[in-house]
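Peer 1: Here you go, sequence then predicted model.
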Amino acid sequence: MGKIIVVHSFRGGTGKTNLVGNTAACMAKKGKKVGIVDTDIQSPGIHVLFGFEPESIKHSLNDYLWGKCDINDAAYDVTKGLQGVEEAGGKVYLIPSSMNLGEITKILKEGYEVSLLNEGLTNLINKLDLDYLFIDTHPGIGEETLLSLAISDATIVILRPDEQDFQGTRVTLEVCKRLGVSNLLLVVNKVLQTYDFVRLRADMERVYGCTVAGVLLQSDDLTENGSKEIFYLKHLDHQFSRGIEEIASKLAAT
């Protein structure tokens, strides 16, 4: 049975989606079959990292949640073009959310049957024979996020070295612990070069009582990339990519 990895943050702008895309690609480059579900239905975007145009989305997660298609109909094989992944025997499947304004508005007004989401996740793992299924969540604490957290095999909470993130992460971790979420990991992102990385990691683990899976630098190179592609696959020796490798290793060990 494949593992469900939930990646979450209390606020937007933490780099959560980039973390999901790059870590999933790293796993696939190691020969794993990986799925990615964009459950940030209100503001979807991970498809951009894989060069997947909105016009190419015939069926989306929205369609499945409204009973218009099977979950597998919304799964797209985006492996082709991911440097080194096919050669390693890996696979990446993307289940995008709709970019259609009307469908986003409908979700906001009417909602959906949240239990269908968890049922769909299990079906995806079984039918696609996945080793890992990554869930890119909507920031904050909502019903759909709570249910995803409750069935996760590992949860990454990503934050920046920012006072609002520090306080919000404390709330998020408390919710996770009350839900009985196991294998909680932290990733500190967008850290300036001037920080003492060793001390920051130690402080985070002491304050939050969780393992820090990675500390990622604020990178001008990543900013210039502008989410046009999976940065890790094109820059394996970059400090950011080495951080992604560390995070992937931590997940593989859970």
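Peer 2: Received it, and whenever you're ready, just let me know what you need. The structure presented is a predicted model; accordingly, all values stated were derived computationally and were not measured.

Peer 1: Show me the shaky parts of the stretch 51-200 of the chain.
Peer 2: 104, 107-108, 110-112 (pLDDT under 70).

Peer 1: could you pull out the helices for it?
Peer 2: With helices called from DSSP state H, counting those that start in this stretch, the stretch 51-200 of the chain shows them at 61-65, 101-110, 114-128, 143-150, 163-178, 197-208.

Peer 1: Pipe those helices into CSV and attach mean neighbour count per row.
Peer 2: The C-beta positions use only the backbone N, C-alpha and C, and glycine is treated the same way. As requested, those are exported to CSV (neighbours: other Cβ atoms under 10 Å):
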stretch, mean neighbour count
helix 61-65, 23
helix 101-110, 12
helix 114-128, 16
helix 143-150, 18
helix 163-178, 16
helix 197-208, 14
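
Peer 1: can you put the ones you listed in a markdown table and add distance to residue 240?
Peer 2: Formatted as a markdown table, the helices of the stretch 51-200 of the chain follow (distance: least, Cβ to Cβ, whole Å):
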| stretch | distance to residue 240 |
| --- | --- |
| helix 61-65 | 28 |
| helix 101-110 | 30 |
| helix 114-128 | 28 |
| helix 143-150 | 26 |
| helix 163-178 | 19 |
| helix 197-208 | 13 |
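
Peer 1: Thought residue 33 was touching residue 133, still the case?
Peer 2: No: with contact defined as Cβ atoms under 8 Å, residue 133 and residue 33 do not form a contacting pair (9.6 Å).

Peer 1: These two - which one has more neighbours?
Peer 2: Just comparing residue 133 and residue 33: by other Cβ atoms under 10 Å the higher neighbour count belongs to residue 133, 25 against 20.

Peer 1: Please name the nearest non-neighbouring residue to the more buried one.
Peer 2: residue 35 (4.4 Å; Cβ to Cβ, 6 or more residues apart in numbering).

Peer 1: Then residue 58?
Peer 2: Using Cβ to Cβ, 6+ apart, the closest residue to residue 58 is residue 73 (7.9 Å).

Peer 1: wait, that neighbour sits on residue 67?
Peer 2: No: Residue 73 is beyond contact range of residue 67, at 11.8 Å (criterion: Cβ under 8 Å).

Peer 1: higher neighbour count, those two?
Peer 2: Higher neighbour count among residue 73 and residue 67: residue 73, with 14 against 10, using other Cβ under 10 Å.

Peer 1: need the contact list for the nearest residue to residue 60 once chain neighbours are set aside.
Peer 2: Take residue 60 and drop its neighbours on the chain: the residue closest to it by Cβ to Cβ, 6+ apart is residue 98, 4.1 Å away. Residue 98 makes contacts with 41, 44, 57, 60-63, 104, as judged by Cβ atoms under 8 Å, 6 or more residues apart in numbering.
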